[in-house]
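Undergrad: the sequence and its predicted three-dimensional model are supplied below.
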Amino acid sequence: MDKVVAFPLMGNYYVPSSFLFSKISNCKILKPPAITSKTIELGSKNSPDFVCTPFKYTLGTFIECLDEEANILVQMGGGCRYGYYYELQQKILSDLGYKFDYYNLVSKGHTDIKKIYRILKEINPKLSKIKTIYYFGITVKMVKYMDKIEDYIRENAAYEINKGEFKKVYDEMLKKFSKVKTYIGLNIVYRKYKKLIKNININKPENNIKIGVIGELYTLMEPYANNYIENMLEDFGVEVKRFTNVTYLLFEKGRKTKKYLKKLNNIKYKMGADAMDNIYYTKYLIDNKYDGIIHIKSSFCTPEIGSMGIINKMCEESNMPVLFLSMDANTSNVGFETRLEAFYDMIEMRKRNE
Amino acid sequence: MGDMMKIGIPRSMYFYYFKDLWINFFDFLDIKLVISPETNKEIMDLGVKYSIDEMCLSMKNLIGHIAYLQGKCDYILIPRIDNYGIDNQTCTNFLALYDIINNLFDIKILNYNINLNNDETELKGLINIGKTLGLSRKEVIDAYEYACVKSGKIKKSKVLNNLRNLHSEKTKILLVGHPYNIYDKMIGEPIINMLKKLNIEIIYSDLFFVNDEYTKYSKELYWKYSRENISSITKCIDKIDGIIFLSSFPCGPDSLVNELVMRKLNKPYINIIIDDVESSGGIETRIESFVDIVCAI
């Protein structure tokens, strides 16, 4: 039987992850079907009652993948509850009658490179160390390039003259990324598209509205889970700032959290997952005179619930508009849109009255 | 150090893990304690008033107790437990607790941090507290030793009692939950009373000494307090007739761990989630029918 690998969707990151797996494993890669309401229904039906929403999303995706032909599942894992998803999901899926192997890369909140290598070796026993390091390096670089370009797009997409140009060029870049073969090849593609993207005509007003989006990582990075909030803000004509991305979570967090903690005088300890980071971002957004903050999380996300009170207090003290959004598995689009519109209108009015 | 100084201890969360240690520690040092009363409606209402809507019931409970103590003492004791090693972490609420409280109330907090990954032990934390209170290192160490022995003795007798109950003739039900839920006046106690009225012998999940026999149910489990709960099941599953899982809504670790364990159990069980402490009617019906089932088997 052929080995077919599947992993949960999160934004555009399936490009680097499927690149890595196609290079270092002998398996077929299954691109999970896009998340739909059916995915969520499947996930919710088989999940415990008050687990956080990413559990339901990823479980639903896994069921859909197993229904197709996948037989190896890979979950990213992480700190907080995310690192423990794997054991319960494995049990739920095997209780449903599926046969599969399930691997969790990060648990207990710390990344163990050796363990990840062991897992990859288990999937593909012929794997060589040098090859792994080489392709790992390319993947890391790819993620960093993607995050850099995405940051630029978030800042400017609202002001493009020909609608949809950014997305078109970026999608093309991702397609090229998935086909690169060498480190140099990646750099050439990146440089070409960086130029193309920087050359896209924009008409950015001087005193534009800037909103920072902070919160829980999965909901922030998977557009379906946050109801395409970034696109909606861009349609309003807003420059979006988002801090959380894979580059940050995997390669910078360990180093930066200590620095952040020193700069915050109202926080003494790390508060679990990204709670303290988000409090620092709030401070950053206030200090840098942004026009509003949107805090978005999945319902029942314990660390973020802890940070919400503190963020609210900071925003109140400095007269910063803030909107808290809690995304459930069945958040309907309509109420969400209304709230976002009202928030935008309020900010816009404030800006005009300045 | 003035004789008049009073240290407040909220009767919630950590209290149920450390009460004997703290009471004896401060008793040895002749420091007066103000312990908030058993949870009542006033405290619960305060908790709901000050906390964020989505917080778990136990956090609301703690915040209520602290709000009650506000102004009644000079300091409030709020430790922070990060981990007892990489495999023994705590819920993120425990990590964030100090900062949440510190930003919510204008109170003086006595805080110590347990983070064995970083070599911060309980004793080191208490020595730091001693510094704030003007106590010498030696005084603190003496008091800590005294408190450890005393609290150890109390724990021992409770554990013995629990083990003895395992051999009781009555129907035995294991009550699995965090001590701050089980022993709380408004969360767990109504359930304990119901069970006692039905002539059930209750075995408590927190009253065991060895706490690392969880692997039968969950291999990767890395929350210290969940480990303790689950290992109690491994240890007495053969001797009990049924299991009651008690959690507060929406407890993060419990939502996953209990579900996983329940899928692997071969004994009758019931999962009780307390959200609202005001009404216990529904729970009473559920407990009664559960006991009927257990007794019928």
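TA: All right, it came through fine.
Undergrad: got the domain boundaries for the chain?
TA: Since no chain was named, I'll use chain A. A:4-127, A:129-204, A:206-354 (automatic domain parsing).
Undergrad: was after chain B, sorry
TA: B:6-150, B:166-296.
Undergrad: next, give phi and psi for A:V322.
TA: In terms of degrees, to the nearest 10, the main-chain angles of A:V322 are phi -140, psi 140.
Undergrad: which ones are touching it?
TA: By CB atoms under 8 Å, 6 or more residues apart in numbering or on different chains, A:V322 lies in contact with A:292-295, A:311-312, A:315. Glycine gets a C-beta too; all of them are placed from N, C-alpha and C.
Undergrad: repeat the analysis, applying 10 Å as the threshold.
TA: Counting by CB atoms under 10 Å, 6 or more residues apart in numbering or on different chains, A:V322 touches A:212, A:214, A:282, A:285-286, A:292-295, A:308, A:311-312, A:314-316, A:343.
Undergrad: quick one on the thing from earlier: redo the domains of chain B as a markdown table? Include mean neighbour count and distance to chain A.
TA: Output for these, formatted as a markdown table (neighbours: other CB atoms under 10 Å in any protein chain shown; distance: least, CB to the nearest CB, whole Å):
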| stretch | mean neighbour count | distance to chain A |
| --- | --- | --- |
| domain B:6-150 | 19 | 3 |
| domain B:166-296 | 18 | 4 |
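Undergrad: got those as CSV, with distance to A:P223 and mean pLDDT columns?
TA: Below are the domains of chain B laid out as CSV (distance: least, CB to CB, whole Å; pLDDT from 0 to 100):
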stretch, distance to A:P223, mean pLDDT
domain B:6-150, 23, 92
domain B:166-296, 25, 91
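Undergrad: so for A:M10, which of the ones you listed sits nearest?
TA: domain B:166-296 (19.9 Å; CB to CB).
Undergrad: just the buried residues of the helix or strand where A:M276 lies, please?
TA: In the assignment (DSSP states H and E), A:M276 maps to helix A:275-287. Residues A:275-286 are the ones in helix A:275-287 that count as buried (16 or more other CB atoms under 10 Å in any protein chain shown).
Undergrad: looking at those residues, which is nearest chain B?
TA: Within the buried residues of helix A:275-287, the smallest distance to chain B is 5.9 Å, found for A:A275 (CB to the nearest CB).
Undergrad: now the buried members of the contacts of A:V322.
TA: Buried residues within the contacts of A:V322, counting neighbours by 16+ other CB under 10 Å: A:212, A:214, A:282, A:285-286, A:292-295, A:308, A:311-312, A:314-315, A:343.
Undergrad: ok, and what's touching the helix or strand bottoming out on mean pLDDT in chain A?
TA: In chain A, no helix or strand scores lower on mean pLDDT, DSSP states H and E than helix A:113-123, which sits at a mean of 85. Helix A:113-123 is contacted by residues A:3, A:5, A:20-21, A:24-27, A:72, A:74, A:101, A:103-107, A:112, A:127-129, A:132-133, A:136 when judged by CB under 10 Å, 6+ apart.
Undergrad: mind redoing it with 8 Å?
TA: The contact list for helix A:113-123 (CB under 8 Å, 6+ apart) reads A:3, A:5, A:24-25, A:27, A:72, A:101, A:103, A:105-106, A:127, A:129, A:132.
Undergrad: residues contacting A:T182?
TA: Taking CB under 8 Å, 6+ apart as the contact definition, A:T182 lies against A:I138.
Undergrad: let me know the closest of the buried residues of helix A:275-287 to A:Y159.
TA: A:L285 (20.0 Å).
Undergrad: nothing else from me, thank you.
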